[in-house]
Structure formats: structure tokens, C-alpha cells
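Student: Everything below, folded, please.
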Amino acid sequence: MNRSFWIVALIAFANSLSFTILIPILYLYGRQFGLNNFQTSLLFSTYAIAQFFATPVIGKLSDRLGRKPLLILSLAGTVIANFLAGTATTVAILFLARFLDGITGGNASVAQAVISDVTTPETRAKGFGIYGATFGLGFVLGPALSLLAQQISLGAGFLVSSAIALIALIITVFFLPETLTTKADKSHNIFDLGLSSLITGLVIPKVGILLVINFLIGTTFTIFTFAFQPYFLEVLGQDNKGLTLMFFAFGVLGVLMQLQGIKILTRKFSLVNILLLALLIRSVSFTLMPIFPNVVYFVCVSIIFSLFNSLVQPMITTLISLNATPDTQGTVIGLNTSYLNVSNAFGPIIAGLLVNQNNPVTYSYPLYVAGSLTFIVLLFAIATRKQYTPNAT
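Tutor: The predicted structure follows:
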């Protein structure tokens, strides 16, 4: 791995810190503004829908103009948006801030495109594994910083997030070289900024089917990520400190698996088989979590879940990258992020509609639904695996 890889890994770490600080507090922050569960789910969805439309544009522009300028734009948007959210006095400003963060939030996909630029096909799985580990490390330190910020206020978490995104922006401006050596042809369809590729991308050989699978994976996963929080707080009787510590534990286990587990597993199994195994464990875990409303039981199931769950996105991203051509890496990774983001819009809404605040039993419904739907996605991934298996895998 060269110098550019480790610089972008550092940027990705700062970016992940900025993002993961918000995960334990966004649900609680929405409730602080007087929003109910469904209305709070719209905070998640506003960000995701904005990213759905923006990410392919950013990915396309990064293939045309270079990675660095688009990464700067994306990070600057996060700095401004989270500052607005942290100082918001009305619900309207809070929703505006989430929209702004989403519409400029292509930093993760551009960083992944940089990794594609600076790695070989043979080292790409390792590269994305390290990238995933930096995000996982953010899950370790992000909740810890979030917990400290919460001692001041929930809004302080957004301000800390903004400051860390600013650090990533400074590193990008002064230390990251441009990594794109072959820019996409700008002479044709100059006004096509990637939105049409949301449709045409679905028919790209080997890539299109992975976009569909990741959209389905993302939808089922975000049903869980939203439902997990009210279940943990209301059914298991825990507080925001315990919730933040759960995210901390998820991060520690994810880092261990991505730093060591991927290295071990890729020696013995194909990328496709690792993905299928991770989906199976995810499906079973979702289904088991709400069977017994006991916090010790829930934590035990969550440990197994978090270890294997951390394999899903590195495997999907690597498979997409290996099946794409060198001059379309930014575009297809942007498409992948975009479809994953729109799935993030559906999942919280589904969970929010299933939960009735006056009936604690309903808090377990989204977890059962997430488990069942994930198993269906697994069957679909198994049935279509020949369509997306790279020749080298």
C-alpha cells in the first residue's frame, strides 16, 4: 500500500469519526425536538434520499474532474451541515442540515474510488478491508467522543462532528495528491452528471445485480439500525449511555474482524461465499435478538452479529470494484453508495411505521421483519451468484 492509500485511510478514519459520533444521538436528538418515532425516522430518510441523488453525480464528476476536488466539496458540506444541526433551534433547520449533509455527502464513495485507483485487483480486497477497519475504528472512538459530547448536550455532538470533518478537509487539501490517472471522456453527454446512470447502472454486466443486492441488503439493515435504538431504550430499559456503549462494542468487534478476519477468510473462501455467510449470520441474528427481552441475551447475540456483519460491505464493495473497468470506478462505487443510501431512506420509515409507542410489543416487530427479509435477500444472492462472481474470485 502506497502513501496515497494511507493518507486516504486517515481521511476515511476522520470521516467515519464525524459520521459515527452522530449515530447514537440522532434518534435522541429528534425526540428532543418533540418528534415521534415516525417523524424521527424522516430525519434519517431526508439525509438518505438526498444522498441517493447526489452520490452518482459526485461519483461521475470524480471520474471526470478528479477525486480531490470532489472530496473537498463533500467534506466542506459535512462541516457546514453538522454545524447547522448542532446549533439548530427549530425542526426546519435540523431537517435542512440533514438535507445539506446528504446532498454533498459523497465523501465515502470518492474515498473508496481513491482506494480503487491506488490498489491492484490482487490487493483490493485487503485495501477495502483496511478501509472498512478505519470505519470500524471510527465506530470505536466515535461513540466514545459522542458520550463525552453528550455531557454538554446532544447538539454538541454535531459540533464535534463538524470539527472532525474540518480536520479531514484540511488533510485532503494539503496532503492528498490526485490519484485519478485516466479521466473519463468529457466530450460526450457533457450534461449527463450521473443521474441517468441510476437506471443504466442496473444493466452493467456483473455490477447491476450487485447494486440490486446491496439495495436490498441496505433496506433490511436500516430497518434494524433504526428499530434497535427504541427497542434497546424502551423494551430493555437502558439509557443513552448504554446505547452509546453498544455502538462502541460494535466498533471494536468490527475492527477486529476487518483487520484480521478478512485476511484469514479470504485465504480459504471466495469473496462471494464470505458475503453469503455474513448475510446468513445477519439474518439469524436479527430474528434471535427480540426473542428474549433480556439485555445480557441481547448483547450476546449482538456480539456474534457485529463480527459477521462487518464483512458485508467490504465484500460488496470489493466485488463491485473488481467487476468495474478502471475508468468507471468512481461512477460504479458512487452508484453503489447511492443505492445503499436510498435503501437507508426506506428502512427507517418501515421500522417507524411498525412501532407503536403505546404498545411495547411492537418494538420487536421490525427486528423480526429485518431477519425474515434478510433471509429472502440471502436466497436471492445465492440464486444469482454466478452473475456477479469475478473471473479471478
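Student: Find the residue ranges of the stretch 251-393 of the chain scoring beneath the pLDDT cut-off.
Tutor: Across the stretch 251-393 of the chain, the stretches falling below the confidence threshold (pLDDT under 70) are 327, 330, 334, 357-358, 392-393.
Student: make it 80
Tutor: Applying pLDDT under 80 to the stretch 251-393 of the chain picks out residues 251, 255, 258-260, 263, 325-335, 337-342, 344-345, 356-360, 391-393.
Student: And for stretch 300-318, what's in contact with it?
Tutor: With contact meaning CB atoms under 8 Å, 6 or more residues apart in numbering, stretch 300-318 is reached by 112, 124-125, 128-129, 131-132, 136, 210, 213-214, 217, 221, 246, 249-250, 253-258, 261-262, 265, 271-272, 274-275, 277-279, 281-282, 285-286, 288-289, 333, 336. Bear in mind the C-beta positions are built from the backbone N, C-alpha and C, glycine included.
Student: Could you do stretch 166-173 as well?
Tutor: Outside of stretch 166-173, the residues within contact range by CB under 8 Å, 6+ apart are 7, 10-11, 14-15, 18, 68, 71-72, 75-76, 79, 107.
Student: Just the CA atoms of that stretch, as PDB, please.
Tutor: C-alpha atoms of stretch 166-173 as PDB (Å, rounded to 0.1, in the frame of the first residue of the first chain):
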ATOM      1  CA  LEU A 166     -12.900  20.000   9.100                       C
ATOM      2  CA  ILE A 167      -9.700  18.200  10.100                       C
ATOM      3  CA  ALA A 168     -10.400  15.700   7.300                       C
ATOM      4  CA  LEU A 169     -10.900  18.600   4.900                       C
ATOM      5  CA  ILE A 170      -7.600  20.200   5.800                       C
ATOM      6  CA  ILE A 171      -5.800  16.900   5.300                       C
ATOM      7  CA  THR A 172      -7.400  16.500   1.900                       C
ATOM      8  CA  VAL A 173      -6.500  20.000   0.800                       C
END
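Student: ok, and for that stretch, which residues are buried?
Tutor: Along stretch 166-173, these residues count as buried under the neighbour rule (16 or more other CB atoms under 10 Å): 166-169, 171-172.
Student: How about stretch 298-311?
Tutor: Of the residues in stretch 298-311, those with enough neighbours to count as buried (16+ other CB under 10 Å) are 298, 301-302, 305-311.
Student: how many other residues sit next to residue 295?
Tutor: If you count neighbours by other CB atoms under 10 Å, residue 295 ends up with 15.
Student: residue ranges of the strands in the stretch 201-350 of the chain, please?
Tutor: Ranges of strands in the stretch 201-350 of the chain, per DSSP state E, counting those that start in this stretch: none exist.
Student: can you give me the helices for it?
Tutor: In the stretch 201-350 of the chain, the helices defined using DSSP state H, counting those that start in this stretch lie at 208-230, 240-256, 262-268, 271-288, 295-309, 312-323, 329-354.
Student: how about JSON lines for these, with distance to residue 141 added?
Tutor: JSON lines is the format used below for the helices of the stretch 201-350 of the chain (distance: least, CB to CB, whole Å):
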{"stretch": "helix 208-230", "distance to residue 141": "19"}
{"stretch": "helix 240-256", "distance to residue 141": "8"}
{"stretch": "helix 262-268", "distance to residue 141": "20"}
{"stretch": "helix 271-288", "distance to residue 141": "24"}
{"stretch": "helix 295-309", "distance to residue 141": "16"}
{"stretch": "helix 312-323", "distance to residue 141": "19"}
{"stretch": "helix 329-354", "distance to residue 141": "23"}
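Student: And the buried residues of stretch 298-311, which is closest to residue 236?
Tutor: Distance to residue 236, by CB to CB, is smallest for residue 298 among these, at 6.2 Å.
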